[in-house]
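K.L.:
Sequence and computational prediction follow.
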Amino acid sequence: DAGVIQSPRHEVTEMGQEVTLRCKPISGHNSLFWYRQTMMRGLELLIYFNNNVPIDDSGMPEDRFSAKMPNASFSTLKIQPSEPRDSAVYFCASSLGPQETQYFGPGTRLLVL
Amino acid sequence: DQQVKQNSPSLSVQEGRISILNCDYTNSMFDYFLWYKKYPAEGPTFLISISSIKDKNEDGRFTVFLNKSAKHLSLHIVPSQPGDSAVYFCAAPQSSGYALNFGKGTSLLVTP
């Protein structure tokens, strides 16, 4: 099994630009999570999907952030417009169910200049 | 508000000795706890968990101890190996069951 796949692995962009992060969950997993890791706040949940439906987006910091899951094998996290404080590592994770073990992707390291 | 806290950002241990990583929590409603391990440029991987009805869970060289009265858990690695060098995160699910509260991690370095 390939595990959770994230792209790109690194992204450098300028303030104001749109950024799109991509995630392919493990096949057969019904739950998908987007996390953000920063030095100040550690790992925090941004949004949770179950069966492609957003269940909890209370962790999404602002309206500049949006996430979609058009099908069971693909999800995107978009930041528009990006700001320097969005610089962080963004992880996608998937699990068989909401309370099952979460498997993380390798992350996308985002730097907004 | 950090409900899961790892107060030691780093730990250095000699190969073959015991590594003890500590974690404190504030929410007495947490009903199980997990440890994740993270290598550089990789995502966290699940290591071991413990239910709140137990005080110990063992898996090979890894043992987690839970002290509910003190709201404290610890991960013991015996014997420590250089390949154990990584960042270890303590986590607990919120009442929703899916949202994990993570500590900020402890970076373990096992020296030969």
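P.N.:
Perfect, thanks for sending it. Numbers count the residues shown, from 1 in each chain, chains lettered A, B, ... in the order given.
K.L.:
contacts and neighbour counts: CA atoms only from here.
P.N.:
OK.
K.L.:
interface residues of chain A facing chain B?
P.N.:
A:41-45, A:91, A:98-107 (C-alpha under 8 Å from any C-alpha of the partner chain).
K.L.:
Which of those sits closest to residue B:52?
P.N.:
Among the residues of chain A next to chain B, residue A:99 lies closest to residue B:52 (C-alpha to C-alpha), at 15.3 Å.
K.L.:
now that closest one, what's its secondary structure?
P.N.:
Assigned by DSSP: H, G, I helix; E, B strand; the rest coil, the conformation of residue A:99 is coil.
K.L.:
Just give me the neighbour total for it.
P.N.:
Other residues near residue A:99 number 14, with proximity taken as other C-alpha atoms under 10 Å in any protein chain shown.
K.L.:
ok now do whatever residue of chain A ends up closest to chain B, which residues does it touch?
P.N.:
Nearest residue of chain A to chain B, counting by C-alpha to the nearest C-alpha: residue A:106, 4.3 Å away. Residues in contact with residue A:106 (C-alpha atoms under 8 Å, 6 or more residues apart in numbering or on different chains) are A:4, A:5, A:6, A:9, A:91, B:41, B:42, B:43.
K.L.:
please redo it, this time with the cut-off set to 6 Å
P.N.:
By C-alpha atoms under 6 Å, 6 or more residues apart in numbering or on different chains, residue A:106 lies in contact with B:42, B:43.
K.L.:
do the same with residue A:51
P.N.:
By C-alpha under 6 Å, 6+ apart, the residues touching residue A:51 are residue A:30.
K.L.:
got a pLDDT number for it?
P.N.:
Looking at residue A:51, its pLDDT stands at 95.
K.L.:
What's the local residue count around the closest residue to residue B:26 other than its chain neighbours?
P.N.:
Distances taken as C-alpha to C-alpha, 6 or more residues apart in numbering or on different chains put residue B:3 closest to residue B:26, at 5.2 Å, once the chain neighbours are dropped. Neighbourhood size, residue B:3 [other C-alpha under 10 Å]: 16.
K.L.:
now residue B:81
P.N.:
Using other C-alpha under 10 Å: residue B:81 sits among 20 other residues.
K.L.:
And the nearest residue to it once chain neighbours are set aside, how far from chain A?
P.N.:
What sits nearest to residue B:81 in space, not counting adjacent residues and going by C-alpha to C-alpha, 6+ apart, is residue B:15, at 5.2 Å. With distances taken as C-alpha to the nearest C-alpha, to the nearest Å, residue B:15 is found 27 Å from chain A.
K.L.:
Show me what secondary structure element comes after the lowest-mean-pLDDT helix or strand in chain B.
P.N.:
In chain B, no helix or strand scores lower on mean pLDDT, DSSP states H and E than strand B:100-102, which sits at a mean of 93. Where DSSP states H and E defines the elements, the next helix or strand beyond strand B:100-102 is strand B:106-111.
K.L.:
What is that next one packed up against?
P.N.:
In terms of contact count using 3 or more C-alpha pairs under 6 Å, 6 or more residues apart in numbering or on different chains; DSSP states H and E, strand B:106-111 is assigned the packing partners strand B:10-14, strand B:86-93.
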